[in-house]
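In: this one's sequence-less:
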């Protein structure tokens, strides 16, 4: 139940370090070594960690004799801690239990229908909850994951080349990059997108899923299988396992209002009980998380 930050370059060792943390029964806090030293220092202190898995740790670990020792965490134990950007103040650690994390993995699996035969290109930063989309979920079902370098994942033309050259079947591409993406891959089956408004984008010989979500859920609240280009693409219908109400004036549920979510979601913000309490309210006898996002329910649901 310790929280262990991982601070390694974007390669297979990072994934191995995460697996080691999980196997030890601890929670992983994935970080980016390119973060400013002040941010890294703050997060390390916030985690209260006995160690961090970085280059120094790895060089020492290679001299040790491996020891087969694991732990079976409880479903309510901490599994993953991802940090917000901190754009409105200090970064907040969003704590997922094993129950919440595995529920998030299952939601992504159902949306994308990813399976063991898939070749998934990982473009998401390891330090954000998007790693559920193209790293943790594919690995959980036995798919092959291609870790794209930082240089490649930020260049839409290089992404398109990689998809064609390596027979990629699934990938996450941001809405902005999708506007300039043209598929040449013969086996590309699906593309997931999200994190901002999707506008004037239609799929090209692949299924396109517009996913709405955030760190706290984790990730997928709803999804829409895009059938054509929209000025403002719908975020779709709510995924199985979650309940959503649209809280209007005075918190009264209706067809328009703030998206509030209930289900297997995050445990809370690390070391911030007041912020955690403020993020929730009871509506109709159930505890709901307030996303801060406004939505309107269309006649078809």
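Out: Everything's here; your move. In this text, all values refer to a predicted model and were calculated from it rather than measured experimentally. Numbering: from 1, shown residues only.

In: Could you check the pLDDT of residue 77?
Out: Here, the pLDDT recorded for residue 77 equals 96.

In: do the one 3 residues further on as well
Out: According to the predicted model, the pLDDT of residue 80 comes to 98.

In: now residue 87
Out: pLDDT, residue 87: 69.

In: how far does the longest strand along the chain sit from the chain's center?
Out: In the chain, with assignment by DSSP state E, the single longest strand is strand 286-296. Per C-alpha atoms, centre = their mean, to the nearest Å, the displacement of strand 286-296 from the mean C-alpha position of its chain is 19 Å.

In: List the buried residues in that strand.
Out: For strand 286-296, burial by neighbour count (16 or more other C-beta atoms under 10 Å) applies to 288-291, 295. C-beta: built from backbone N, CA, C; applies to glycine.

In: Report the strands that pair with that strand, each with its relative direction.
Out: Partners of strand 286-296 in the sheet, by DSSP bridges, are strand 256-263 (antiparallel), strand 280-283 (antiparallel).

In: export those to a markdown table and tack on mean neighbour count, distance to residue 123 and mean pLDDT?
Out: Supplementary listing: the strands paired with strand 286-296 in a markdown table, determined by neighbours: other C-beta atoms under 10 Å; distance: least, C-beta to C-beta, whole Å; pLDDT from 0 to 100:
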| stretch | mean neighbour count | distance to residue 123 | mean pLDDT |
| --- | --- | --- | --- |
| strand 256-263 | 19 | 26 | 97 |
| strand 280-283 | 14 | 32 | 94 |
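
In: Is it possible to get JSON lines of the ones you listed that adds distance to residue 149?
Out: JSON lines is the format used below for these (distance: least, C-beta to C-beta, whole Å):
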{"stretch": "strand 256-263", "distance to residue 149": "34"}
{"stretch": "strand 280-283", "distance to residue 149": "39"}
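
In: separation between the nearest residue to residue 95 once chain neighbours are set aside and residue 98?
Out: Distances taken as C-beta to C-beta, 6 or more residues apart in numbering place residue 267 nearest to residue 95, at 4.5 Å, with adjacent residues excluded. For residue 267, the distance to residue 98 (C-beta to C-beta, to the nearest Å) stands at 10 Å.

In: which neighbours do these two share?
Out: Common contacts of residue 267 and residue 98, defined by C-beta atoms under 8 Å, 6 or more residues apart in numbering, comprise residue 76.

In: thinking again about what came up before, contacting residues around the residue nearest to residue 95?
Out: 76, 78, 95-97, 100.

In: Tell me, how many residues neighbour the closest residue to residue 268 other than its chain neighbours?
Out: What sits nearest to residue 268 in space, not counting adjacent residues and going by C-beta to C-beta, 6+ apart, is residue 276, at 3.6 Å. Neighbours of residue 276 under the rule other C-beta atoms under 10 Å: 19.

In: what helix or strand does residue 276 sit in?
Out: For residue 276, the host element (DSSP states H and E) is helix 273-278.

In: Which strands or helices does that helix pack on?
Out: strand 268-269 (3 or more C-beta pairs under 8 Å, 6 or more residues apart in numbering; DSSP states H and E).

In: which neighbours does the strand it packs on have in its sheet, and in what orientation?
Out: Under the rule (DSSP bridges), strand 268-269 has strand 93-97 (antiparallel) as partners.

In: quick one: average pLDDT of the strand it pairs with?
Out: Rounded mean pLDDT across strand 93-97 is 97.

In: just stretch 208-228 next, same as before
Out: On average, stretch 208-228 scores 96.

In: List the buried residues in that stretch.
Out: Neighbour-count burial for stretch 208-228, counted by 16+ other C-beta under 10 Å, picks out 208-224, 226.

In: just the strands in the stretch 151-300 of the chain please.
Out: Counting by DSSP state E, counting those that start in this stretch, the stretch 151-300 of the chain has strands at residues 170-172, 190-194, 207-214, 219-225, 237-238, 242-247, 253-254, 256-263, 268-269, 280-283, 286-296.
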